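Asker: Next comes the sequence, and after it the predicted model I'd like to discuss.
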Amino acid sequence: MTFIIDRQADSNALLRQAQALLADCGDAVANAANLASFLFHVLDDVNWVGFYFVSGDELLVGPFQGKPACVRIPLGRGVCGTAAATRTVQRVDDVHAFAGHIACDADTRSEIVLPLVRGTNLLGVLDLDSPRVERFTPDDQAFLEQIAGAYLASLDN
Ligand code: SME
């Protein structure tokens, strides 16, 4: 399969591209790997895009693009652990102002983390980091919520 990434596409087109990318497979790790790569390459000003999956009472790093990251994050800790524990999107304009932020890459200045909830089951989180303060807007959040939904919808039962 040749997958052509269109960096100029608007968010609706990007969502359709992501859905197409995930359509042939229902595996959680395989689709996370391709989706992390896709987002990393189509979005500007991101230095880390990836997944953490629930493992016991921790999050364990999954497929990602960017520098090597923290392997384990306790539920409730940092931006990722907070998104997981509260099951709410965490959109952080300035990570230096977020008490408990876990700095995996000192370049990161803003971050958005989306919980991945399937039925009543928390699978993990989708995390995007940027070296630019206030990188992620409410529109970005709405787009990424649709992307997270497309990922969840792609998974086998
Ligand atoms: N900054 C995150 C940790 C994960 S890395 O950014 C990849 C946090 O505070 O949870």
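Answerer: Everything's here; your move.
Asker: and the protein, which residues reach the ligand?
Answerer: Contacts of the chain with the ligand, taken as Cβ under 6 Å from any ligand atom, map to 48, 69-70, 73, 78-81, 101-102, 104, 108, 111, 127, 129. Where C-beta positions appear, they are placed from N, C-alpha and C, glycine not excepted.
Asker: what about whichever residue of the chain sits closest to the ligand, distance to S11?
Answerer: Relative to the ligand, the nearest point of the chain is G78 (2.8 Å; Cβ to the nearest ligand atom). Per Cβ to Cβ, to the nearest Å, G78 is found 27 Å from S11.
Asker: CA-only coordinates of stretch 13-24, as PDB, when you get a sec.
Answerer: The C-alpha trace of stretch 13-24 is given here as PDB (Å, rounded to 0.1, in the frame of the first residue of the first chain):
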ATOM      1  CA  ALA A  13      -9.700  15.600   4.700                       C
ATOM      2  CA  LEU A  14      -7.100  14.700   7.300                       C
ATOM      3  CA  LEU A  15      -9.700  12.800   9.200                       C
ATOM      4  CA  ARG A  16     -10.700  10.900   6.100                       C
ATOM      5  CA  GLN A  17      -7.100  10.100   5.400                       C
ATOM      6  CA  ALA A  18      -6.700   8.800   8.900                       C
ATOM      7  CA  GLN A  19      -9.800   6.700   8.600                       C
ATOM      8  CA  ALA A  20      -8.500   5.200   5.300                       C
ATOM      9  CA  LEU A  21      -5.100   4.500   7.000                       C
ATOM     10  CA  LEU A  22      -6.900   2.500   9.800                       C
ATOM     11  CA  ALA A  23      -9.500   0.800   7.600                       C
ATOM     12  CA  ASP A  24      -7.600  -2.400   6.700                       C
END
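Asker: did I read that right, F40 in a helix?
Answerer: Yes: assessed with DSSP: H, G, I helix; E, B strand; the rest coil, F40 lies in a helix.
Asker: residues contacting it?
Answerer: 46, 49, 65-66 (Cβ atoms under 8 Å, 6 or more residues apart in numbering).
Asker: do the same with K67
Answerer: 47-48, 104-105.
Asker: Select, from those, the two members most distant in space.
Answerer: Greatest spatial distance in those: N47 and C104, 9.9 Å, computed using Cβ to Cβ.
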